[in-house]
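In: based on what follows, work out the 3D shape:
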Amino acid sequence: MFDIYVISLSSSERRESIAKVLTERVAAFRFEDAVDGRELTDAQVDDIYDEEAARDRYGRPLTRGELGCFMSHRSAWRRIAESGRSAVVIEDDALLEAVFFERVLTASEALLASAADIVLLGRSKLCRASAARAYLQEPLKRSRMIDGLIVGVPFKQWTSGSVAYWIAHDGARKALAHTEGAIGALLDDWPWHRSHGSLRVAELRPYAAWEAFETMQSSLESARSGYGRPRSASHAAAVWPLRHMRTVVRWMMVLAFTVTGSRGRMFKS
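Out: Below is the predicted model:
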């Protein structure tokens, strides 16, 4: 099985519940003490933070919680890179499906590494009840089956959370190398990791982990709320036809990719 690194504040009440789940499934894990951004001094923030880069990309500064999140995951990457073993990183509010233990942890390291440096196992702010719609609207292009797991790249990757992901040990080294220095991006800005660090970021279908955002309060979200603007019902109604058309086009492209890939394999054989 892959090692599991659990990102968690040392004082978090969530530790007991996630440890109970992992222990009951006989999964090897270790806690990676998270950095509490609220405790960073102004001098520390000045030393680790590139506010200009953040404002250029997002139009707003990063919160201290977001800085602490990035530092916490980077610490886990360092341990994974040093270990020489690929691993799974989860946050302590993760809700784990049976497939996480039965297939993800036992999947072929070589096959996963041939497909991606990072495989996202879940998505932020998505509940199980909305999963089917998400899979419909965000299909994977050029997906492949790896030990019973469907792994591929979606048409759009965004700041979709870091509740759980698999990372190759070489991927951890690449992630460390391209994030060296001041932090000017969100940890879960996967398009940035792809374009800035040449990381191959894929996703799993169906997801094997969920964020318990409905029952566990996130300090990151409370700090972010001052920067976001809620969208109106009229906006949602206006974009619905466009989203429907986009979904149809994406599935037509998936079909085209599948046919092209099948023909390529036929000619090779």
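In: domains in this protein, by residue range?
Out: Following automatic domain parsing, the chain resolves into domains at 3-228, 232-269.
In: quick one: residue 97 from residue 107, how far?
Out: Going from residue 97 to residue 107 by Cβ to Cβ, to the nearest Å gives 14 Å. C-beta: built from backbone N, CA, C; applies to glycine.
In: also residue 206?
Out: Taking Cβ to Cβ, one finds residue 206 at 15 Å from residue 107.
In: so which of these two has more stuff around it?
Out: residue 107 (20 against 14; other Cβ atoms under 10 Å).
In: double-check the more buried one against residue 168; I have them as touching.
Out: No. Residue 107 lies out of contact with residue 168 (Cβ atoms under 8 Å); the separation is 11.7 Å.
In: which of the domains of the chain has the lowest average pLDDT?
Out: In terms of mean pLDDT, the lowest-scoring of the domains of the chain is domain 232-269 (a mean of 65).
In: in this protein, which spans are helices?
Out: For the chain, applying DSSP state H gives helices covering 14-24, 42-48, 51-58, 64-83, 98-99, 109-115, 131-137, 169-178, 190-197, 219-224, 233-268.
In: TSV for these, including mean neighbour count?
Out: Shown next, in TSV, are the helices of the chain (neighbours: other Cβ atoms under 10 Å):
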stretch	mean neighbour count
helix 14-24	14
helix 42-48	12
helix 51-58	14
helix 64-83	20
helix 98-99	13
helix 109-115	16
helix 131-137	13
helix 169-178	19
helix 190-197	17
helix 219-224	15
helix 233-268	11
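In: these: which one's closest to residue 184?
Out: When the helices of the chain are compared by Cβ to Cβ, helix 51-58 sits nearest residue 184, at 2.7 Å.
In: what is the burial count for residue 189?
Out: Look at residue 189: counted by other Cβ under 10 Å, it has 18 neighbours.
In: how near is it to residue 66?
Out: 10 Å.
In: same deal with residue 72?
Out: From residue 72 over to residue 66 (counting by Cβ to Cβ), the distance is 11 Å.
In: ditto for residue 208
Out: According to Cβ to Cβ, residue 208 and residue 66 sit 25 Å apart.
In: and residue 48, by the same measure?
Out: 12 Å.
In: kindly report the same for residue 43.
Out: With distances taken as Cβ to Cβ, residue 43 is found 18 Å from residue 66.
In: same deal with residue 196?
Out: Residue 196 is 17 Å from residue 66, where distance means Cβ to Cβ.
In: same thing with residue 82?
Out: In terms of Cβ to Cβ, residue 82 sits 25 Å off from residue 66.
In: contacts only, for residue 209.
Out: By Cβ atoms under 8 Å, 6 or more residues apart in numbering, residue 209 lies in contact with 90, 94-97, 100, 121-122, 163-164.
In: of these, which qualify as buried by neighbour count?
Out: In the contacts of residue 209, burial by neighbour count holds for 90, 94-97, 100, 121-122, 163-164, counting by 16 or more other Cβ atoms under 10 Å.
In: any chance of those in a markdown table, plus distance to residue 144?
Out: Output for those, formatted as a markdown table (distance: Cβ to Cβ, whole Å):
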| residue | distance to residue 144 |
| --- | --- |
| 90 | 23 |
| 94 | 25 |
| 95 | 26 |
| 96 | 23 |
| 97 | 20 |
| 100 | 19 |
| 121 | 16 |
| 122 | 19 |
| 163 | 23 |
| 164 | 20 |
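In: isn't residue 117 right up against residue 190?
Out: No. Judged on Cβ under 8 Å, residue 117 makes no contact with residue 190 at a distance of 10.9 Å.
In: what do the two both touch?
Out: residue 201.
In: residues near residue 93, how many?
Out: Look at residue 93: counted by other Cβ under 10 Å, it has 20 neighbours.
In: can you start the count at 35 instead of 1 from here on
Out: Let's use 35 as the start, then, which means that last one is residue 127.
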